[in-house]
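In: Sequence first, predicted coordinates after that:
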Amino acid sequence: MSEIYDFDRVIDRKQTNDMKWHSAAVSKFMPYEFPEDMIPMWLADTEFGCAPVIIEALHNRVEKEIFGYCSPGRSFYESVCFWQKKQFNWEIQSDWISVVPTVVAGINVAIRAFTEEGDGVIIQQPVYDPFASLIRKTGRRIVNNGLLQNNGRYEMNFSELEKLAAVPENKLMILCSPHNPVGRVWTEGELRRVAEICFANNMLLVTDEIHSDIVYDGYVHHPLPALDDQYEERTILFTAPGKTFNVAGLKTSIAVIPDERIRKRFNTVKDAMSLDISNTFGIEAVTAAYSPEGHAWMEEELSYLQNNVDFLERYITKYMPGVSMIRPEGTFLCWLDLTDLGFSDEALLHMIALEAAVICVPGTWFGPGGEGHLRLNIGCPQSMLAAALDRMRAVLYKS
């Protein structure tokens, strides 16, 4: 548990505009009316108060009294470079950085900048559902290089990827690293193989690394472009402090684009989409988060999350027969397999969300391979996690 910061503290988010906690907002994503006493374990933000270094930075900015148009300054870029060096031993240059509101917005720009309507975009389902949504909405084709399960572990289907990458119309691949929702932290060998396959076929490789800070004991995250200088020539890496520090609402994310030609094209399309204005408070939050003080806070958060994973694993083993979880290597999102219980996906959603009033993300949202699964967010005080599990247990095993 935390030695300095109180991750057990429960903050009443119903008094805010946080969409996660308002049933009307949830109903926009799932076609039901949800009870107000719901426990929301769906949206991928955490229930932890922000790191004090961020709160202090935002207070200081408020005292400046004016909140006009802003752009990142030197301290912002230095903080991003500091973080990549501190966390991943990756030396990046300030001019590689392009600021985008969100990682999803950045991926949207990349799809539009480097593919045409009708082109194929490779993803690895079950995977974060906005990938597929963006591909459809931009008139591109979803090309699924579905993940495989091997002895309870998700792996990439490299033989299929080689065939898909060889198709000239497939121009771009989106890699989720660490993977949401299955929790894999890809090894250096896996990442190198993906890169070699893509680059041998002249494909652009876009990596969503927003969960890269949340990696558990025994695993190491590798920013893909950092593995080899030649990988920098055909990659765009997206990241943000939004997940780690729970500042997603401040709409400030980062694209790291080492190659000048790719960067110029990306920025041209970004500007054409009017995504070039930065969030005043987002700039302050990133600068504060990516600091030694932010790093110390993050390490304690990670320890707390590790304890939550242990708690969840013990609970499932003891009280939820027929439910299994492949222990996550990273992220605060746990992928629960309920197929052995024999319920349909619709029945599971009805029981968990409406009867138990615990809002999880249905596995079907993540595409093929998600059937019979739920994604559970454990980024919360353990008391909230225990209450949600007790509710789920009561409806799943009622006589």
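Out: Received, thanks.
In: Which elements pack onto the longest helix anywhere in the chain?
Out: The longest helix of the chain (DSSP state H) is helix 292-319. Other elements packing on helix 292-319 under the criterion 3 or more C-beta pairs under 8 Å, 6 or more residues apart in numbering; DSSP states H and E are helix 52-62, helix 74-88, helix 242-245, strand 324-325, strand 333-337, helix 382-396. Where you see a C-beta, it was placed from the backbone N, CA and C, and this is true even at glycine.
In: Which one of the ones you listed lies nearest to residue 45?
Out: Of all the helices and strands packed on helix 292-319, helix 242-245 sits nearest to residue 45, with 7.3 Å by C-beta to C-beta.
In: Quick one: mean pLDDT for the closest one?
Out: Regarding helix 242-245, the rounded mean pLDDT is 98.
In: okay, and the helix or strand of the chain with the least pLDDT?
Out: Within the chain, confidence by mean pLDDT, DSSP states H and E is lowest for helix 23-27 among all helices and strands, at a mean of 86.
In: and that helix, which residues are buried?
Out: Of the residues in helix 23-27, 23, 26 count as buried by neighbour count, 16 or more other C-beta atoms under 10 Å.
In: do stretch 296-312 as well
Out: So, applying 16+ other C-beta under 10 Å, buried residues of stretch 296-312: 297, 298, 300, 301, 302, 304, 305, 308, 309, 312.
In: beta partners for residue 374?
Out: residue 336, residue 362 (DSSP bridges).
In: what's near enough to touch it?
Out: For residue 374, the contact set (C-beta atoms under 8 Å, 6 or more residues apart in numbering) comprises 335, 336, 338, 348, 352, 360, 361, 362, 363.
In: now, among those, which is nearest to residue 54?
Out: residue 361 (26.5 Å).
In: quick one: the nearest residue to the closest one once chain neighbours are set aside and residue 381, what's the gap?
Out: Nearest residue to residue 361, sequence neighbours excluded (C-beta to C-beta, 6 or more residues apart in numbering): residue 375, at 4.1 Å. Distance, residue 375 to residue 381, by C-beta to C-beta, to the nearest Å: 19 Å.
In: out of those two, which sits in the more crowded spot?
Out: Per other C-beta atoms under 10 Å, whichever of residue 375 and residue 381 has more neighbours is residue 375, with 26 against 19.
In: Past the longest strand seen in the chain, which element shows up next along the chain?
Out: As assigned by DSSP state E, the longest strand anywhere in the chain is strand 170-176. Sequence order places helix 188-200 as the next helix or strand after strand 170-176, per DSSP states H and E.
In: Going by neighbour count, which residues in that following helix are buried?
Out: 190, 191, 192, 193, 194, 195, 196, 197, 198, 199.
In: returning to what we had before: which one, of the helices and strands packed on helix 292-319, ends up nearest to residue 212?
Out: Per C-beta to C-beta, nearest to residue 212 of these: helix 74-88, 7.4 Å.
In: Tell me which residues are up against that closest one.
Out: Against helix 74-88 from outside (C-beta under 8 Å, 6+ apart): 90-94, 97, 212-213, 221-223, 226, 254, 256, 283, 286-292, 295.
In: How about stretch 122-136?
Out: 104, 107-108, 111, 121, 141-147, 156, 161, 164-165, 170, 172-176, 179-182, 203, 208, 363, 365-370, 373.
In: Give me the distance between the two termini of that stretch.
Out: 12 Å (C-alpha to C-alpha, to the nearest Å).
In: from the middle of its chain, how far away would that stretch be?
Out: 13 Å (C-alpha atoms, centre = their mean, to the nearest Å).
In: give me the low-pLDDT residue ranges for the stretch 151-300 of the chain?
Out: Across the stretch 151-300 of the chain, nothing is flagged by pLDDT under 70.
In: Just put the contacts of residue 374 in JSON lines and tack on distance to residue 396, neighbour count and pLDDT.
Out: Output for these, formatted as JSON lines (distance: C-beta to C-beta, whole Å; neighbours: other C-beta atoms under 10 Å; pLDDT from 0 to 100):
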{"residue": "335", "distance to residue 396": "17", "neighbour count": "26", "pLDDT": "98"}
{"residue": "336", "distance to residue 396": "11", "neighbour count": "22", "pLDDT": "98"}
{"residue": "338", "distance to residue 396": "8", "neighbour count": "21", "pLDDT": "98"}
{"residue": "348", "distance to residue 396": "9", "neighbour count": "24", "pLDDT": "95"}
{"residue": "352", "distance to residue 396": "8", "neighbour count": "25", "pLDDT": "96"}
{"residue": "360", "distance to residue 396": "12", "neighbour count": "23", "pLDDT": "95"}
{"residue": "361", "distance to residue 396": "17", "neighbour count": "26", "pLDDT": "95"}
{"residue": "362", "distance to residue 396": "15", "neighbour count": "21", "pLDDT": "96"}
{"residue": "363", "distance to residue 396": "15", "neighbour count": "24", "pLDDT": "97"}
